[in-house]
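Undergrad: Whatever this is, show me its structure:
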Amino acid sequence: MQKKISLSFLTNNPHKFIEAREALVIFPNIELKQIKEDKIEYQEDDAEDPIMEVAKLAAEEAVKKYQVPLAVEDAGLFFNAYPGFPGLNTKWIMKKIDYDGIFRLLAGKDRGACFRSVVAYCEPGWPLGEIKLFEGRIEGTISEEVIGLDEDCMDYDRIFIPQGETRPFSLIMEEKRKMSHRKMAFQKLGEYLQR
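TA: Numbering: from 1, shown residues only. Presented below is the predicted three-dimensional model:
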């Protein structure tokens, strides 16, 4: 019988927590708890891989505060037409320019995009170099219109169409949970915790 593992996920976002919990259901010995708080938001645009660096720094800070084994996640949408963008600024860009601004940015450009999720796992007492990072990535395209505006989902789910699909995540939420970048990253963490 496998030992029980208690894991806390620092996120204020209920959608992210549900996706993480569903991703880890294949590991019945992992009990996922939510710490309902936003992680510290760092801006590490100069780092070689900013999304990984931000996740690592946020995990280090959170484990000092809560003193439990925990995961934090940083995710971003990346447009092929603008390498590295919006990346760390995904949420901020949506707030500032909304869907209309995104569509104008991509007008006449490559509409290819990918979502990346990096989950950082840390235990109390670990130095920064010990933090484990797990990445998930899903390729797709940005639609030319907002689809599913009345659906309960994250903003970008209404315009991101995953590869192999004709509909955005907003209309295929069950399927999203089976293929998402977040699921991939959390399942890699689950496999690591089984060691």
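Undergrad: Enumerate every residue touching D38.
TA: Going by Cβ atoms under 8 Å, 6 or more residues apart in numbering, D38 touches 11-12. Backbone N, C-alpha and C define where each C-beta goes, glycine included.
Undergrad: ranges for the strands of this protein?
TA: Taking DSSP state E as the criterion, the chain contains strands spanning 5-10, 30-35, 70-79, 112-122, 132-142, 160-162.
Undergrad: Mean pLDDT and mean neighbour count for these - can I get that in a markdown table?
TA: Output for the strands of the chain, formatted as a markdown table (pLDDT from 0 to 100; neighbours: other Cβ atoms under 10 Å):
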| stretch | mean pLDDT | mean neighbour count |
| --- | --- | --- |
| strand 5-10 | 96 | 19 |
| strand 30-35 | 96 | 17 |
| strand 70-79 | 94 | 24 |
| strand 112-122 | 96 | 23 |
| strand 132-142 | 97 | 19 |
| strand 160-162 | 96 | 22 |
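Undergrad: which one of the ones you listed lies closest to Y192?
TA: With Cβ to Cβ as the measure, strand 132-142 is the member of these nearest Y192 (6.1 Å).
Undergrad: who's in contact with stretch 157-170?
TA: For stretch 157-170, the external contacting residues (Cβ under 8 Å, 6+ apart) are 77, 99, 102, 113, 115, 138-143, 145-149, 151, 153, 156, 172-173, 175-176, 179-180.
Undergrad: And that stretch, what's buried?
TA: Buried residues in stretch 157-170, counted by 16 or more other Cβ atoms under 10 Å: 157-162, 165, 168-170.
Undergrad: what sits up against the lowest-mean-pLDDT helix or strand in the chain?
TA: Comparing helices and strands within the chain by mean pLDDT, DSSP states H and E singles out helix 173-179 as the least confident, with a mean of 84. The contact list for helix 173-179 (Cβ under 8 Å, 6+ apart) reads 18-19, 22-23, 138, 151, 153, 157, 162, 165, 169, 183.
Undergrad: again, only using 6 Å
TA: The contact list for helix 173-179 (Cβ atoms under 6 Å, 6 or more residues apart in numbering) reads 19, 22, 169.
Undergrad: will you turn those residues into TSV that also has pLDDT?
TA: Shown next, in TSV, are these (pLDDT from 0 to 100):
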residue	pLDDT
E19	90
E22	93
F169	94
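Undergrad: can you list those residues in a markdown table and add distance to G125?
TA: As requested, the contacts of helix 173-179 are arranged in a markdown table below (distance: Cβ to Cβ, whole Å):
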| residue | distance to G125 |
| --- | --- |
| E19 | 29 |
| E22 | 30 |
| F169 | 38 |
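Undergrad: can you map out the helices along the chain?
TA: Secondary structure of the chain by DSSP state H: the helices cover 14-23, 50-66, 90-106, 173-179, 181-193.
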